[in-house]
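Engineer: Predicted model and sequence follow; I will ask about them next.
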Amino acid sequence: EAQVTQNPRYLITVTGKKLTVTCSQNMNHEYMSWYRQDPGLGLRQIYYSMNVEVTDKGDVPEGYKVSRKEKRNFPLILESPSPNQTSLYFCASSPNYQSWGYEQYFGPGTRLTVT
Amino acid sequence: GQSLEQPSEVTAVEGAIVQINCTYQTSGFYGLSWYQQHDGGAPTFLSYNALDGLEETGRFSSFLSRSDSYGYLLLQELQMKDSASYFCAVRGGGFKTIFGAGTRLFVKA
């Protein structure tokens, strides 16, 4: 089954404790992206990747890191989480950047709480 | 800056037609997309307009006017299951994706 998976689905952590949220897709997609969703703000893009070893900042990259060492995986790293990073996070993928508009697949989401 | 505006809430009755508008301001434009998200779920793709005009997919249609920086999503024959949030999105400058804040649709019996 074609899908985007994220782990963990739920995470409660404390300020400053490094964490990684994994994202994996099995569709051989080139374009992958991370979003955060907060009430009243819609989805805001954190980072995106055009292909292996090619990443760039979205609108809200501060406090986050990403890497793309393999095509299928695009982990999101919070080196020192803070309470303002409490949010619902979605990973998404698309065959390539040209098809983002009509073929973007989202993972199930990761609800992160930082206390 | 880049932004999209859409109404925060819309209410309609079952069987009716509802239109959700979206105006955008971006440094580059490559098309307008619409997504549906049910409570607790992930966004799912509904439609995409790269060119002016109307695109129809079953009960859902989407319209784009690039000269007006405006688009809308039209939902016909509303069903209770259409109660959800609807987001418009554009590919902005570079390869970023910009989403609107979302429109919450309530369908009443």
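Structural biologist: Everything's here; your move. Numbers count the residues shown, from 1 in each chain, chains lettered A, B, ... in the order given.
Engineer: and stretch A:101-115, how far apart are its ends?
Structural biologist: In terms of CA to CA, to the nearest Å, the two terminal residues of stretch A:101-115 are separated by 36 Å.
Engineer: brain fart, stretch B:49-57
Structural biologist: Between the opening and closing residues of stretch B:49-57 we find a distance of 12 Å, counting by CA to CA.
Engineer: quick check, that stretch touching chain A?
Structural biologist: Yes - in terms of CB under 8 Å from any CB of the partner chain, part of stretch B:49-57 sits within range of chain A, namely residue B:50. C-beta: built from backbone N, CA, C; applies to glycine.
Engineer: Quick check: the residue nearest to the spatial centre of chain A vs chain B, distance?
Structural biologist: The centroid of chain A falls nearest to residue A:34 when counting by CA atoms, centre = their mean (2.8 Å). With the distance defined as CB to the nearest CB, to the nearest Å, residue A:34 ends up 11 Å from chain B.
Engineer: near chain A, which residues of chain B?
Structural biologist: Chain B comes close to chain A at residues B:8, B:30-33, B:41-45, B:47-48, B:50, B:87, B:89, B:91, B:94-102, as judged by CB under 8 Å from any CB.
Engineer: 6 Å - rerun?
Structural biologist: Near chain A, the residues belonging to chain B are B:31, B:33, B:42-43, B:48, B:87, B:91, B:95-97, B:99-102 when assessed by CB under 6 Å from any CB of the partner chain.
Engineer: need the residues you listed in TSV with secondary structure and pLDDT, can you?
Structural biologist: TSV is the format used below for those (DSSP: H, G, I helix; E, B strand; the rest coil; pLDDT from 0 to 100):
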residue	secondary structure	pLDDT
B:31	coil	90
B:33	strand	94
B:42	coil	96
B:43	coil	96
B:48	strand	92
B:87	strand	97
B:91	strand	82
B:95	coil	81
B:96	coil	85
B:97	strand	88
B:99	strand	93
B:100	coil	94
B:101	coil	95
B:102	coil	96
